[in-house]
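[1] kindly return the folded structure for what I paste below:
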Amino acid sequence: MTTPSPAAASLAPGGLALDESSAPRKVVAAWSAYDFGGNAFNTVMLSFVYSVYVTGTVAADKAHGQVVWSNFQTAAGLVLALLAPLMGAWADRVRRRRLMLAVSTLVTVSAMAACFFVRPENSYLYLGAGLLAFASVTQDIAGVFYNGMLPHVSTPKTVGRISGTAWALGYLGGVVCLVLALFGFILKGGMLGLPTDDAFNVRCVALLCAVFMLAFSLPIMLMGPDGEPREGEPFRIGAAYRDIGRRLAGMWWHERGLLHFLVSAAIYRDGLNAVFAFAGVIAATAYGFSKEEVIYFGLAASVSAALGTWLFGRLDDRLGPRPVILASLSAIVVLGLGIVVANRASVFWVGGILISFLVGPVQSASRTLLTRIIPAGEENETFGLYATVGRVVSFIAPALIGAFTAAFGVRWGIMGIVVTLMLGLAAFWPLRIDGVTHRQAR
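    Model prediction:
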């Protein structure tokens, strides 16, 4: 017989935020559509198109552009680390998740649309980098409120499927928007025949992404799950930070399983984020991929990730999130080692697609595991802490990638990702929470 730990006892299934009653299908569909639309920012603006425009065309010097970009993104991470738990705590007390999601999403959409005014001149470099950094903060804050709705649109039996489906739709949304941008706007002015002078066609991509995100965000703004404000609990920023600090300090004694998960997940999530952030760079520099080949690889990787996330979401409900996370991380580590040892472009192609197939399931299963252990009434604050802890350790993968690259060459940068995932896997492996990571003792 297993004796529940203090964390397990405090996170017993009866105290979880998940409800037994399911939300209407239209609400679930609206919640999932938000992921589909929101990934236009991550895929097109941050990864493949607009960030490249800012650092490579707007900036007079690419090296300086990269430095400015990095500095603004670092500042964005620090701001998010401070604001995410505060915004989450506010949402839990004011109980206006839908309104706060709508406001933060509309601010993100507005910042994306404003990127249209960033002309291909060095004097616009700080504006372009600043707008994207600002939008990345507001989108991540919106993600706190969005993830906080998951317990209210799913049940213990459907949370894996719903989370996995939405995450898969996010990848597909990024693919759809990227294809629209490439063939409608970018390649020789695109099918729309937009003028390329003054980078007008590329700047219009910002408007495309803003409209795309807004269109698929409107349903959840109108019908997302909300709650009544708590009576007698006025919100004060100083008191909120004090309460958050007390909760973090008390996690060791009362929510140890949650603390364990937040730390271990932050480490391996940093490695997973690096997969998409650095794959294109490694493909081009180490394996000679052309710009077109990098884009095609990115499209194939996104489709593979969508398929894997959708399939594993069903396994999450049947087996639980822990087996999905352990099996996927282990397989990614093996595949990464195989790519390094083989040192062939064809192996990188196949291995990269297979790794992408497994990245989404880990991200989605991590979201469902956290959803299963959040105490009722603390959904948004906890997801805020989830974002904050992730930002705190976000230096690990880039630092290891840089170290391996400097010591052994560009292709060895993959080992930085592999080692980060191994550290996260080792930290996550001992996690035990009755009724969540394994069957509850009787």
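
[2] Ser394 sits in which helix or strand?
    Following DSSP states H and E, there is no helix or strand that holds Ser394.

[3] what do you get for Leu315?
    Element membership of Leu315, judged by DSSP H and E, is helix 291-319.

[4] helices and strands around that helix, which ones?
    Packing partners of helix 291-319 (3 or more Cβ pairs under 8 Å, 6 or more residues apart in numbering; DSSP states H and E): helix 159-181, helix 256-287, helix 321-342, helix 345-373. Heads up, the C-betas are built off the backbone N, CA and C, glycines and all.

[5] tilt between that helix and helix 321-342?
    With axes from the mean of the first three to the mean of the last three Cα atoms, to 10 degrees defining the directions, helix 291-319 sits at 150 degrees from helix 321-342.

[6] so where's the stretch 101-250 of the chain uncertain?
    Residue ranges of the stretch 101-250 of the chain with pLDDT under 70: 189, 227-240.

[7] how about 90 then?
    The stretch 101-250 of the chain contains residues with pLDDT under 90 at 140, 144-145, 148, 151-152, 154-157, 182-183, 185-193, 196, 223-250.

[8] ditto for the stretch 301-442 of the chain
    301-302, 314-315, 317-320, 343-346, 371-414, 416, 431-442.

[9] go again using 70 as the cut-off
    434-442.

[10] I'd say Phe183 and Leu192 touch.
    No: contact criterion Cβ atoms under 8 Å: Phe183 and Leu192 do not qualify, at 9.4 Å.

[11] quick one on the thing from earlier: now the helices and strands packed on helix 291-319 as TSV including mean neighbour count?
    Output for the helices and strands packed on helix 291-319, formatted as TSV (neighbours: other Cβ atoms under 10 Å):
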stretch	mean neighbour count
helix 159-181	24
helix 256-287	21
helix 321-342	20
helix 345-373	23
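
[12] of all those, which one is nearest Val44?
    helix 159-181 (5.2 Å; Cβ to Cβ).

[13] mind giving me the packing neighbours of that closest one?
    Secondary-structure packing of helix 159-181 (3+ Cβ pairs under 8 Å, 6+ apart): helix 25-40, helix 150-153, helix 200-223, helix 291-319, helix 345-373.

[14] mind putting the ones you listed into a markdown table with distance to Met87?
    What follows is these, written out as a markdown table (distance: least, Cβ to Cβ, whole Å):
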| stretch | distance to Met87 |
| --- | --- |
| helix 25-40 | 17 |
| helix 150-153 | 17 |
| helix 200-223 | 17 |
| helix 291-319 | 26 |
| helix 345-373 | 17 |
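
[15] so which of those helices is nearest Val263?
    Closest among these, using Cβ to Cβ: helix 345-373, at 12.5 Å.

[16] between that closest one and helix 159-181, how many degrees?
    Counting by the same axes, to 10 degrees, helix 345-373 lies at 130 degrees to helix 159-181.

[17] can I get the helix or strand just after helix 345-373 in PDB, CA atoms only?
    For helix 345-373, the succeeding helix or strand toward the C-terminus, using DSSP H and E, is helix 379-392. Extracted C-alpha coordinates of helix 379-392, given in PDB (Å, rounded to 0.1, in the frame of the first residue of the first chain):
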ATOM      1  CA  GLU A 379      -6.600  27.800 -12.000                       C
ATOM      2  CA  ASN A 380      -5.400  31.100 -13.400                       C
ATOM      3  CA  GLU A 381      -2.800  31.800 -10.700                       C
ATOM      4  CA  THR A 382      -1.400  28.400 -11.100                       C
ATOM      5  CA  PHE A 383      -1.100  28.600 -14.900                       C
ATOM      6  CA  GLY A 384       0.500  32.000 -14.300                       C
ATOM      7  CA  LEU A 385       3.100  30.300 -12.100                       C
ATOM      8  CA  TYR A 386       3.500  27.700 -14.900                       C
ATOM      9  CA  ALA A 387       4.400  30.400 -17.300                       C
ATOM     10  CA  THR A 388       6.700  32.200 -14.900                       C
ATOM     11  CA  VAL A 389       8.700  29.100 -13.800                       C
ATOM     12  CA  GLY A 390       9.100  28.300 -17.500                       C
ATOM     13  CA  ARG A 391      10.600  31.700 -18.200                       C
ATOM     14  CA  VAL A 392      12.900  31.500 -15.200                       C
END
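
[18] what packs against helix 379-392?
    Counting contacts by 3+ Cβ pairs under 8 Å, 6+ apart, helix 379-392 packs against helix 62-94, helix 125-148, helix 237-254, helix 256-287, helix 345-373.

[19] how far does the helix or strand that it is followed by sit from its chain's centre?
    Next in sequence after helix 379-392, counting helices and strands by DSSP H and E, comes helix 396-408. Remark: helix 396-408 is offset 22 Å from the chain centroid, using Cα atoms, centre = their mean, to the nearest Å.

[20] now stretch 407-420
    22 Å.

[21] how about the CA coordinates for that stretch, as CSV?
    Only the C-alpha atoms of stretch 407-420 are listed here, as CSV (Å, rounded to 0.1, in the frame of the first residue of the first chain):
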residue,chain,number,x,y,z
ALA,A,407,33.1,23.3,-28.5
PHE,A,408,32.3,20.8,-31.3
GLY,A,409,30.6,22.5,-34.2
VAL,A,410,27.1,23.6,-35.4
ARG,A,411,25.5,20.1,-35.8
TRP,A,412,26.4,19.3,-32.2
GLY,A,413,24.1,22.1,-31.1
ILE,A,414,21.4,19.4,-31.2
MET,A,415,23.1,17.9,-28.1
GLY,A,416,22.2,21.0,-26.1
ILE,A,417,18.5,20.2,-26.8
VAL,A,418,19.0,16.5,-26.0
VAL,A,419,20.8,17.2,-22.7
THR,A,420,18.1,19.7,-21.6
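
[22] of the helices and strands packed on helix 291-319, which is nearest Arg314?
    Of all the helices and strands packed on helix 291-319, helix 159-181 sits nearest to Arg314, with 5.7 Å by Cβ to Cβ.

[23] still on that earlier bit, need the helices and strands packed on helix 379-392 in a markdown table (columns: distance to Trp429).
    Shown next, in a markdown table, are these (distance: least, Cβ to Cβ, whole Å):
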| stretch | distance to Trp429 |
| --- | --- |
| helix 62-94 | 26 |
| helix 125-148 | 24 |
| helix 237-254 | 20 |
| helix 256-287 | 8 |
| helix 345-373 | 14 |
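
[24] for Val211, which of the ones you listed is the nearest?
    Proximity to Val211 (Cβ to Cβ) singles out helix 125-148 among those, at 14.6 Å.

[25] and the closest one, what does it pack onto?
    Helix 125-148 sits against helix 25-40, helix 50-53, helix 62-94, helix 97-114, helix 379-392, with contacts defined as 3+ Cβ pairs under 8 Å, 6+ apart.
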